[in-house]
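>>> what follows is a predicted structure for the sequence shown.
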Amino acid sequence: LPILDGKNFDKWCTQMKVIFGNQDVWEIITNGLENLSNNATYTQKSAFKELKKKDCKALFILHQCMDAANFEKIAHATYAKDAWKILENSYEGAAKLKKVQLQTLMEDQTIVEKVLRSLTQKFDYIVVAIEESKDLGCMKVEELQASLEAHEQRMNERTSDRRNDRELQAHISKKNNVEKWKGKKNKGKESHHKNDGASSSKNQDQAESSSQNNKSSDLEKKFNKSKVQGYNCNKFGHFADECYSNKNQQRRSNNGVNMAQDEDSDSDAVLLMVTTNSE
């Protein structure tokens, strides 16, 4: 006998109709058993008795063809028709609910597929992961939303970490550049101080030399040369290096030297010419 376990009602129902027809009890399940009136005749009482046996037979078959959970549903039913109605209402309602659930799942699947198609390129790899690891026919919109939100949060955290790293590197680079600039500036100041020191020392030496020259010039101006007698000309009023006759004598001496050099040059030329002609 087929056993109703809560998942095979349609199949079980078909099989049970055949069994009930074979046992000649299907009509009693369909039409039910009417109560006998108080003034019923003997014939009516005999017919009611036969129908009562068929009803008990049908109810017995039902009790034998289901599990304990389903038996609890019809345990208080007195007639086979009532027990059958209880089972039909229970599983037809479940079937309707299942149909509604299937429609909901189909709607969810359609929405999930549309959402996955509408995502931007940065979600491509998460779309591939969802399609490979999940059954889109059973996936709810809420599950997809949770997966996408978790993925987006993870992406935002990574973007924030990269931004912080770039800011840290920029800060370190800026700090290094400032330190290098300060170092160059300090070196420039030291070089400038050295140049200023050398320049000031040089200017100081020049000032001292100029001061000494001025002092010697002042001494010469203040010194009375009227009593000084020249060494070469024996005249008064000047020193030997200022003597005019000495300067003239030096000029004549220089002219003589120049003439002697010119004569030597001419003689060399004549000798060169003579040598060339002899060859």
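Alright, I've got the coordinates. Numbering: from 1, shown residues only.

>>> quick one: the nearest residue to F48 once chain neighbours are set aside from S46, how far?
Of all residues not flanking F48 in the chain, L36 sits nearest, at 4.6 Å (Cβ to Cβ, 6 or more residues apart in numbering). Every C-beta, even on glycine, is put in place using the N, C-alpha and C of the backbone. Here L36 is placed at a distance of 11 Å from S46 (Cβ to Cβ, to the nearest Å).

>>> next: V18.
29 Å.

>>> what's the answer for K114, then?
Separation of K114 from S46 (Cβ to Cβ): 69 Å.

>>> surely S147 touches V127?
No. If you go by Cβ atoms under 8 Å, S147 and V127 don't touch, sitting 10.0 Å apart.

>>> quick check: next helix or strand after whatever helix or strand F60 lives in?
F60 belongs to helix 42-64 when assigned by DSSP states H and E. Per DSSP H and E, the first helix or strand lying C-terminal to helix 42-64 is helix 68-74.

>>> show me where this structure has its helices.
9-22, 26-31, 42-64, 68-74, 80-118, 124-133, 141-222, 244-278 (DSSP state H).

>>> looking at those, which has the lowest confidence?
When those are compared by mean pLDDT, helix 244-278 comes last with a mean of 49.

>>> run through the residues that contact G6.
D67, A69, N70 (Cβ atoms under 8 Å, 6 or more residues apart in numbering).

>>> so what pLDDT did it get?
The model's pLDDT for G6 equals 80.

>>> quick check: the gap between it and N70.
Counting by Cβ to Cβ, the gap from G6 to N70 is 6 Å.

>>> ditto for K17
K17 is 17 Å from N70, by Cβ to Cβ.

>>> also E142?
For E142, the distance to N70 (Cβ to Cβ) stands at 33 Å.

>>> quick revisit: buried ones among the contacts of G6?
Buried members of the contacts of G6, counted by 16 or more other Cβ atoms under 10 Å: N70.

>>> count of neighbours near the closest residue to K134 other than its chain neighbours?
In space, and not counting its chain neighbours, K134 is closest to E143: 7.8 Å by Cβ to Cβ, 6+ apart. With neighbours defined by other Cβ atoms under 10 Å, the count for E143 comes to 14.

>>> please determine how far E143 is located from W84.
Here E143 is placed at a distance of 40 Å from W84 (Cβ to Cβ).

>>> what's the neighbour count on W84?
Using other Cβ under 10 Å, W84 has 22 neighbouring residues.
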